[in-house]
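A.B. asks: okay, here's the prediction I keep looking at, along with the sequence it came from:
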Amino acid sequence: MDMYPGIGLNNIRFGITEAELIALIGETDKACYDAYTERRQLQYNSLRSTFWFDDTNLHWIECSHPALQLNDQKLYEKPVGDAIAFITAELGESSTLEDYCSSEYYSFEAHWLTVYVEYGIVNKIQFGYLFDENDEPILPI
């Protein structure tokens, strides 16, 4: 599974609607509304991915699929030092760390990308669309 920061996952692009996502990859395994984020989510178990929608468009993806990769480099279950060094080099941006002892979050703010780590191993990546200088979404569709 190829992730493209600011663009999407495989052929799934930020900015598509729920109906377009379902037409692209099929019916969801689970749909829910997250009161905390005030976002609708569609979960696909086979993809080990969840897709968040704002009022109309896909704006955030969470993925913990074993085949998840960035520029042909596998990220899932990669040791944190190797993964963060690689992502830093690819994005040209340093990360900020939130450390919760057994779990850590590395955020690449300019690229709206967060790497989740447990026990020193990457177990999930979340990323979303980017914003322009006026804080408007940049949709790749």
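C.D. replies: Received it, and whenever you're ready, just let me know what you need. Numbering: from 1, shown residues only.
A.B. asks: this protein: helices as residue ranges?
C.D. replies: 18-25, 80-91 (DSSP state H).
A.B. asks: closest one to residue 73 among the ones you listed?
C.D. replies: helix 80-91 (5.6 Å; C-beta to C-beta). The C-beta positions use only the backbone N, C-alpha and C, and glycine is treated the same way.
A.B. asks: what packs against the closest one?
C.D. replies: Packing contacts for helix 80-91, counted by 3 or more C-beta pairs under 8 Å, 6 or more residues apart in numbering; DSSP states H and E, involve strand 69-70, strand 103-108, strand 113-118, strand 121-128.
A.B. asks: which other residues reach it?
C.D. replies: Contact with helix 80-91 is made by 5, 70-71, 73, 75, 78, 94-95, 104, 106, 108, 110-111, 113, 115, 117, 120-122, as judged by C-beta atoms under 8 Å, 6 or more residues apart in numbering.
A.B. asks: 7 Å instead?
C.D. replies: 5, 70-71, 73, 75, 94-95, 104, 106, 108, 111, 115, 117, 120-122 (C-beta atoms under 7 Å, 6 or more residues apart in numbering).
A.B. asks: try stretch 17-30
C.D. replies: With contact meaning C-beta under 7 Å, 6+ apart, stretch 17-30 is reached by 11-12, 42-45, 51, 53, 56-58.
A.B. asks: that's all I had, so thanks and see you.
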